[in-house]
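Peer 1: Sequence and predicted model, in that order:
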There are 2 protein chains.
Amino acid sequence: MPSGKLRLGDLQLKILRVLWSSGECGVTDVHQVIGPAKYAYTTVATMLRKMEARKLVAHRVEGRRFVYYPLVREGAVTRSAAAEFVDRIFRGSLTAAVCQLLDSRDVSREELEALERLIAERKEADPPARPQGS
Amino acid sequence: MPSGKLRLGDLQLKILRVLWSSGECGVTDVHQVIGPAKYAYTTVATMLRKMEARKLVAHRVEGRRFVYYPLVREGAVTRSAAAEFVDRIFRGSLTAAVCQLLDSRDVSREELEALERLIAERKEADPPARPQGS
DNA sequence: TTTCTTTATCTACCGTGGTAATACTACCAC
DNA sequence: GTGGTAGTATTACCACGGTAGATAAAGAAA
């Protein structure tokens, strides 16, 4: 199953975010961005190596440094996480998922309207039963 | 701390679902429902004991059987999962989350319309300027 | 009573995320 | 050279989900 294991931990996500926004960077850079106070340098380095073993990132050598870059795209991760979320927690029911999303936090009127627009877009973009040509 | 550790694994979710729909039941019952072919009896039993240690379930003794019942409600689990999903993957952006949800699978027109209704409801239920809270 | 079956307990293992100290190594400055 | 420094490699540990075999104990059946 290729659509399988894209389940990431918190630290892994943080690291990937740095790589996504920087394109690539060294261990020290990553460490600086995610917070030297929160994590030891070696923690980040170890995690990066583990992530490389899992083919989430790769590195090239630049002088003495390892310059890491992501092998997975942000879209792939978020898409996979979204699909897994719906399947795992709501057994595939998207409406149940969104319903819970709305219940789980305060949603501003602006957000609600943005969501409305989002859905309206989808309705236009994907007319399922449309005998007449566009 | 309501925002505490309510992160559940796949098997734990399956087990909880059985307990939620049955109210309570013995280890054998759970095992039967989630699939004797997929899991060993002891796997379920062990997991139930681990979950009891984490206060997700509890049991009472009935003859020689352990009758387990849930200590967490389905709503609490799904709510917590939803909140964590948005925070973890989309750093709190609900619109980004819903957007990805819509992209991550085929959404029927019926579902889209159900979502529209869902949002319309929320808009009515939460008027923009209202100093009084419930 | 002896055996079979049900049921729970104990123990142990694996993978993985997370955490980090420690050790090695190569370079730079002196 | 020697010593600090920046960087990687090694090693180890914990927690937890998942998995299950082996074992024990309590009834039920023979």
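Peer 2: All right, it came through fine.
Peer 1: for chain A, what spans make up the strands?
Peer 2: Using DSSP state E, the strands of chain A run over A:25-26, A:57-62, A:65-70.
Peer 1: can you list those strands in a markdown table and add mean pLDDT and distance to chain B?
Peer 2: Backbone N, C-alpha and C define where each C-beta goes, glycine included. Shown next, in a markdown table, are these (pLDDT from 0 to 100; distance: least, C-beta to the nearest C-beta, whole Å):
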| stretch | mean pLDDT | distance to chain B |
| --- | --- | --- |
| strand A:25-26 | 96 | 20 |
| strand A:57-62 | 96 | 18 |
| strand A:65-70 | 97 | 16 |
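Peer 1: any idea how far A:V86 is from A:V98?
Peer 2: A:V98 sits 9 Å away from A:V86, taking C-beta to C-beta, to the nearest Å as the criterion.
Peer 1: and for those two, which residues touch both?
Peer 2: B:L101 (C-beta atoms under 8 Å, 6 or more residues apart in numbering or on different chains).
Peer 1: Of those two, which one has the most company?
Peer 2: The residue with more neighbours, out of A:V98 and A:V86, is A:V98; 25 against 21, by other C-beta atoms under 10 Å in any protein chain shown.
Peer 1: How much space separates the more buried one from DNA strand C?
Peer 2: A:V98 sits 26 Å away from DNA strand C, going by C-beta to the nearest atom of the strand, to the nearest Å.
Peer 1: any chance of the strands of chain A in a markdown table, with distance to B:T28 too?
Peer 2: Listed next are these as a markdown table, based on distance: least, C-beta to C-beta, whole Å:
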| stretch | distance to B:T28 |
| --- | --- |
| strand A:25-26 | 54 |
| strand A:57-62 | 46 |
| strand A:65-70 | 47 |
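Peer 1: B:K55 is nearest to which of these?
Peer 2: Nearest to B:K55, of all the strands of chain A, is strand A:57-62, at 37.0 Å by C-beta to C-beta.
Peer 1: In terms of secondary structure, what does that closest one contact?
Peer 2: helix A:10-22, helix A:41-53, strand A:65-70 (3 or more C-beta pairs under 8 Å, 6 or more residues apart in numbering or on different chains; DSSP states H and E).
Peer 1: of all the ones you listed, which lies closest to A:L102?
Peer 2: Short answer: helix A:10-22, nearest of the helices and strands packed on strand A:57-62 by C-beta to C-beta, at 23.7 Å.
Peer 1: mind giving me the domain split of chain A?
Peer 2: A:10-70, A:74-125 (automatic domain parsing).
Peer 1: Any chance of CSV for the ones you listed, columns distance to B:D10?
Peer 2: Converted to CSV, those look like this (distance: least, C-beta to C-beta, whole Å):
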stretch, distance to B:D10
domain A:10-70, 19
domain A:74-125, 7
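Peer 1: hey, least reliable of these by pLDDT?
Peer 2: Among these, domain A:74-125 has the lowest mean pLDDT, at a mean of 93.
Peer 1: And it, end to end?
Peer 2: The straight-line separation of the ends of domain A:74-125 (C-alpha to C-alpha, to the nearest Å) is 24 Å.
Peer 1: Please see if it touches DNA strand D.
Peer 2: No. Domain A:74-125 is not in contact with DNA strand D by C-beta under 7 Å from any atom of the strand; minimum separation 9.6 Å.
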